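> need a 3D model of the sequence below.
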Amino acid sequence: MKILVIGGAGYIGSHVTREFLDQGYAVTVLDNLSFGTRRNLFDEAVFVHGDIRHPLQLREIMAEGFEGCVHLAALKAAGESMVKPETYAEMNLAGTTNILNAALSAGIPNVIFSSSAAIFGSPDYLPIDEEHPKHPENFYGFTKLEIERIMEWYDRLKGLKYASIRYFNAAGYDVEGRIQGLEMHPQNLLPVVMETAAGVREGMKIFGDDYPTRDGTCIRDYVHVSDLAAAHVSAFEYLVEKKESLAVNLGSETGVTVLEMIHRAREITGRTIPADAAGRRPGDPAELVASSGKARELLEWRPRWSDLDTLIDSTWQVYRKNFDLT
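So this is what the prediction gives:
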């Protein structure tokens, strides 16, 4: 089967591309390389330099014929989205509408969408399941939720089937070392820890050490990016077999504190990783942990690589090679 992976040169997209290739699919990658890198492209996949803001280009590419489309192209900085909503509306909302319209025009029946836990906002209860109230607290989260609603209508009115995969905190790298391109402009905890370990940063900040958690720092649910990638393939196969849309949360269901991440990274890397406490950031909840029960039930998905040591070590190996560290 032929799959189009939009955003397939990025951090998550390259792992999704690799997983589809490993499972025997014929993959075409579409990416504008604003956040992706050519280092993350594979010889086995066709590459097209393109942009989801260009609807005619999308229609031409999709007219080549695909059984499914994976949509990972989006802007994702929550803070930036609050000061540049017009930019996020153009890329995330208008860009996704272009993708859906092109898919309909080309007769592509299935779309896999990378959604986010940001659609939920601060938790009313834990773990967060699919039925949790959805009250995004930033414009980025709003765009992801709005896209899910648009896809529901496209399914209802046009029969376009979709799988919305709501990531919690993607982390780690391919354990076989086949993906070496570093994530551009990372903002999540583990890449910041790695940049500090590698000496790219002199030190890092711990935003809040007085939360009602076991060590005072925030708790987050980290899921290995290869586990996320496997879920995309399972979700596509579900759409093909069941011909019904779905939305699932994906996390390890295990919370890790900021200090636990830093302490274990020091042990694995052998680096000091200077970290100083700073004030809380507005809107940071004390704890976010997923329930992935629905993914287990419908997709038979279980994380293989999402333990803390694998998350850290697989990331450190890539940073070591990129910065030529011993």
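> could you pull out the strands for the stretch 1-150 of the chain?
Ranges of strands in the stretch 1-150 of the chain, per DSSP state E, counting those that start in this stretch, are 2-6, 26-31, 46-49, 68-71, 110-116.
> please identify the most buried of the ones you listed.
By mean neighbour count, with neighbours taken as mean count of other Cβ atoms under 10 Å, strand 68-71 ranks first of those at a mean of 28. Bear in mind the C-beta positions are built from the backbone N, C-alpha and C, glycine included.
> helices of the stretch 101-250 of the chain, start to end?
Along the stretch 101-250 of the chain, counting by DSSP state H, counting those that start in this stretch, helices occupy 139-158, 189-198, 225-242.
> any idea which of the strands of the stretch 1-150 of the chain gets closest to residue 228?
strand 110-116 (8.5 Å; Cβ to Cβ).
> partners of that closest one, with directions?
Sheet pairing for strand 110-116, assigned by DSSP bridges, gives strand 68-71 (parallel), strand 161-167 (parallel).
> show the average pLDDT along stretch 277-290.
Averaged over stretch 277-290, pLDDT sits at 92.
> roughly how far out does stretch 184-195 sit from the chain middle?
Taking the mean of its C-alpha atoms, stretch 184-195 sits 14 Å from the chain's own mean (Cα atoms, centre = their mean, to the nearest Å).
> I should have written stretch 225-244 there, sorry.
14 Å.
> show me which positions of that stretch end up buried.
Within stretch 225-244, the residues that qualify as buried are 225-239, counting by 16 or more other Cβ atoms under 10 Å.
> and what of stretch 185-194?
Judged by neighbour count using 16+ other Cβ under 10 Å, the buried positions of stretch 185-194 are 189, 190, 191, 192, 193, 194.
> what does stretch 112-129 give?
Across stretch 112-129, burial judged by 16+ other Cβ under 10 Å covers 112-121, 123, 126-128.
> what about it, start to end distance?
The separation between the terminal residues of stretch 112-129, taken as Cα to Cα, to the nearest Å, is 19 Å.
> show me what the closest residue to residue 239 other than its chain neighbours is bridged to.
Leaving out its chain neighbours, the residue that sits closest to residue 239 by Cβ to Cβ, 6 or more residues apart in numbering is residue 110, at 4.3 Å. Applying DSSP bridges to residue 110 yields these beta-bridge partners: residue 161.
> show me what contacts the closest residue to residue 277 other than its chain neighbours?
Computed as Cβ to Cβ, 6+ apart, the closest residue to residue 277 that is not its neighbour in sequence is residue 209, at 4.4 Å. Going by Cβ atoms under 8 Å, 6 or more residues apart in numbering, residue 209 touches 215, 216, 217, 259, 277.
> which strands and helices sit next to the host helix or strand of the fourth one?
For residue 259, the element it lies in under DSSP states H and E is helix 258-269. Using 3 or more Cβ pairs under 8 Å, 6 or more residues apart in numbering; DSSP states H and E, the elements in contact with helix 258-269 are helix 189-198, strand 204-207, helix 308-322.
> looking at these, which is buried most?
It is helix 189-198: most buried of those by mean count of other Cβ under 10 Å, with a mean of 22.
> average pLDDT for that helix?
So the average pLDDT for helix 189-198 ends up being 97.
> identify, from the buried residues of stretch 225-244, the entry nearest to residue 161.
Closest to residue 161, out of all of the buried residues of stretch 225-244 and judged by Cβ to Cβ, is residue 239, at 4.9 Å.
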